[in-house]
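K.L.:
below is the sequence, then the predicted model.
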Amino acid sequence: MMILNRVSVWLALACAAFAAWSVLTAGNTVPMPTPVVEPPRSPFETTVAASGIIEAANENVRIGPPTAGLVTKVFVAVGDRVPEGDPLLQLDDRDLRAQLVARQAAIPPAEAQVEEQKYRIGDLDTQLKRLKSVRDSRAVSEDDVKRTWYAAEMAKRAMSRFEAALKQIVAQRDETQLLLDRLTVRAPRAGTILQVNIRAGEFALTTGATEPLMLLGDMEQLQVRAEVDEVNAPLVAPQRPAVAYLKGNTAQVIPLTFVRIEPYIVPKKSLTGDNNERVDTRVLQIIYRFDRPGFPVYAGQQVDVFIERTSPGRQSQTQAVERPVEMPPK
């Protein structure tokens, strides 16, 4: 019984000490930790903030297959500079090659059939001329002349049919050749290979793929695609100065030159993870060009963009609309 009383006393003293410590430290504030990197600051007096991404000036090309199939060979690697029309990858074409051989082999017999029919028509025309040249009706009857004329006309009709069949066979051969050429995916324009997401032996899909087979872009000239929230879209004016900072690098600024404003507000794709951000947020995309700075930048890097906006007083003056004078009621 005494042990229980002692435990109760110690527990009471511990609770009292904890309560006193809580009262004494309740007013103390924990100092904010020093940020690893200072946040970017706008150089303008009034500004519109946006998030952006660096991309090729003529925009990247997402390379996809013309049809689903097995990839048998990849001709390029990341970083390769390719001219327009260069092969990028090869899909399995064995079935079309076999079909091309069969259709190519069907052309010579059809051509021989056309040539044979030409000789037949020539022979019938010669016979018809010989029969018509005979003046004696007892040697050549009118029925013989008509029968030979009908045979010549039927041979000409058969010739048209054989020529049409030959054209069809050649067209089928050309169609197979075109389908065969499609299986070699070529560069739609000159550029640099930025990504290769396919390997020989993998199956390329036309639908349902989460990423392109390859990403092609021109790295000679870069641009920034800035996304401004639709709420702030009316605050953005064309030809206004802007700057960008790389993520995690606020010491080096990248001056931007206005190019254009995309006329259509699109859904926001890259969410920042903020708690009050809605998935249905829409953004206005603005394109800015910039010269390569002295430090390395890469396509796909995220940047913080600050756009100068006009002062509220000036903006209200430029956006003012004259109201019609209201006439007093009669």
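P.N.:
Cool, got the structure.
K.L.:
nearest residue to the spatially most central residue of the chain in space, ignoring adjacent ones along the chain?
P.N.:
Centroid-nearest residue in the chain: Arg62, 4.0 Å away (criterion: C-alpha atoms, centre = their mean). Of all residues not flanking Arg62 in the chain, Pro212 sits nearest, at 3.7 Å (C-beta to C-beta, 6 or more residues apart in numbering). Every C-beta, even on glycine, is put in place using the N, C-alpha and C of the backbone.
K.L.:
looks to me like Val114 is in a strand.
P.N.:
No. Going by DSSP: H, G, I helix; E, B strand; the rest coil, the assignment for Val114 is helix, not a strand.
K.L.:
hmm, back to that, the residue nearest to the centre of the chain: which element?
P.N.:
According to DSSP states H and E, Arg62 maps onto strand 61-63.
K.L.:
can you list the residues that contact that strand?
P.N.:
Strand 61-63 has contacts (C-beta atoms under 8 Å, 6 or more residues apart in numbering) with Leu88, Val185, Pro188, Arg189, Gly191, Pro212, Leu213, Met214, Leu215, Leu216, Gly217.
K.L.:
want to throw the residues you listed into TSV with pLDDT and neighbour count?
P.N.:
Output for those, formatted as TSV (pLDDT from 0 to 100; neighbours: other C-beta atoms under 10 Å):
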residue	pLDDT	neighbour count
Leu88	96	21
Val185	95	22
Pro188	93	12
Arg189	90	13
Gly191	88	22
Pro212	91	18
Leu213	93	21
Met214	94	23
Leu215	91	21
Leu216	91	23
Gly217	85	21
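K.L.:
show me the shaky parts of the stretch 1-150 of the chain.
P.N.:
Residue ranges of the stretch 1-150 of the chain with pLDDT under 70: 1-7, 9-10, 21, 23-37.
K.L.:
can you give me the strands in it?
P.N.:
47-56, 61-63, 69-74, 81-82, 87-91 (DSSP state E, counting those that start in this stretch).
K.L.:
about what we covered before: how much space separates the residue nearest to the centre of the chain from Thr184?
P.N.:
18 Å (C-beta to C-beta, to the nearest Å).
K.L.:
kindly report the same for Glu111.
P.N.:
29 Å.
K.L.:
swap in Glu45?
P.N.:
Separation of Glu45 from Thr184 (C-beta to C-beta): 57 Å.
K.L.:
of these two, which one has the most company?
P.N.:
Applying other C-beta atoms under 10 Å to Glu45 and Thr184 shows that Thr184 carries more neighbours, namely 15 against 8.
K.L.:
just list whatever residues bridge to that one.
P.N.:
With DSSP bridges applied, Thr184 shows beta-bridge pairing to Gln90.
K.L.:
can you give me the helices for the stretch 101-250 of the chain?
P.N.:
Secondary structure of the stretch 101-250 of the chain (DSSP state H, counting those that start in this stretch): helices located at 107-133, 142-182.
K.L.:
got the domain boundaries for the protein?
P.N.:
Domain ranges of the chain: 47-57+221-315, 61-91+186-218, 93-182, per automatic domain parsing.
K.L.:
end to end, how far does the last one reach?
P.N.:
To tie it back to what came earlier, the one meant is domain 93-182. Using C-alpha to C-alpha, to the nearest Å, the end-to-end distance of domain 93-182 comes out at 10 Å.
K.L.:
ok, and the closest non-adjacent residue to Arg81?
P.N.:
In space, Arg81 is closest to Thr192, 5.4 Å off (C-beta to C-beta, 6+ apart).
K.L.:
hmm, I typed the wrong one, I wanted Leu284.
P.N.:
Counting by C-beta to C-beta, 6+ apart, Leu284 lies nearest to Ala233, which is 4.2 Å off, once chain neighbours are set aside.
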